[in-house]
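Asker: Quick one, what's the 3D model for this:
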Amino acid sequence: MEFFIRQGATDPILKMRLIDDGKNDKSSFNDVLETATITFEMFDVKTGNYQILDSPCSTVLRTKKYNYTTDEIYLTHRFSKQQTSVVGRFEGKININFEDGNLLIVPIKEKLFINIIS
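Answerer: Prediction:
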């Protein structure tokens, strides 16, 4: 997944949808997600140096009006001007730390690349 943002910008907000694979009870997952600590990290793909570490993320619930059983959960991160001050290509990850000690790293299937452009 590719995400583009201008150097020194705070918009657009990074927004990733959590996919419901049908393996979990959605209501219980939502409950544990509410108490989880969700953070964002981003590192330079060339040097491996971190640009962002443990920056807080938010969750957004979107209720579809035509079918109330298919709510969508989004994880969001708003960049600060300092976090987008360096032009380059970075890899980003969202860490969901649950209260029981389990860790989920998002995205799972494909890498998230953040491109900061001038």
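Asker: Mind listing what's buried along the longest strand anywhere in the chain?
Answerer: Determined from DSSP state E, the single longest strand within the chain is strand 88-97. Applying a neighbour-count criterion of 16 or more other Cβ atoms under 10 Å, one finds 90, 92, 94-96 buried in strand 88-97. In this view, the C-beta of every residue, glycine as well, is placed from N, C-alpha and C.
Asker: between those, which is nearest Thr35?
Answerer: For the buried residues of strand 88-97, the residue nearest Thr35 by Cβ to Cβ is Ile96; the value is 10.8 Å.
Asker: where does the closest one sit relative to Asn115, distance-wise?
Answerer: As judged by Cβ to Cβ, to the nearest Å, Ile96 and Asn115 stand 24 Å apart.
Asker: again with Leu14
Answerer: 12 Å.
Asker: Now the common contact residues for the two.
Answerer: Common contacts of Leu14 and Asn115 (Cβ atoms under 8 Å, 6 or more residues apart in numbering): Phe3.
Asker: more crowded one of those two?
Answerer: For Leu14 versus Asn115, neighbours defined as other Cβ atoms under 10 Å are more numerous around Leu14 (20 against 13).
Asker: What are the neighbouring residues in contact with the more buried one?
Answerer: Here Leu14 is in contact with 3, 40, 76-79, 92, 114 (Cβ under 8 Å, 6+ apart).
Asker: Please apply the same query to Ile105.
Answerer: Counting by Cβ under 8 Å, 6+ apart, Ile105 has contacts 93-96.
Asker: as a whole number, average confidence for the helix or strand hosting it?
Answerer: Taking DSSP states H and E as the criterion, Ile105 maps to strand 103-106. Computed over strand 103-106, the mean pLDDT rounds to 92.
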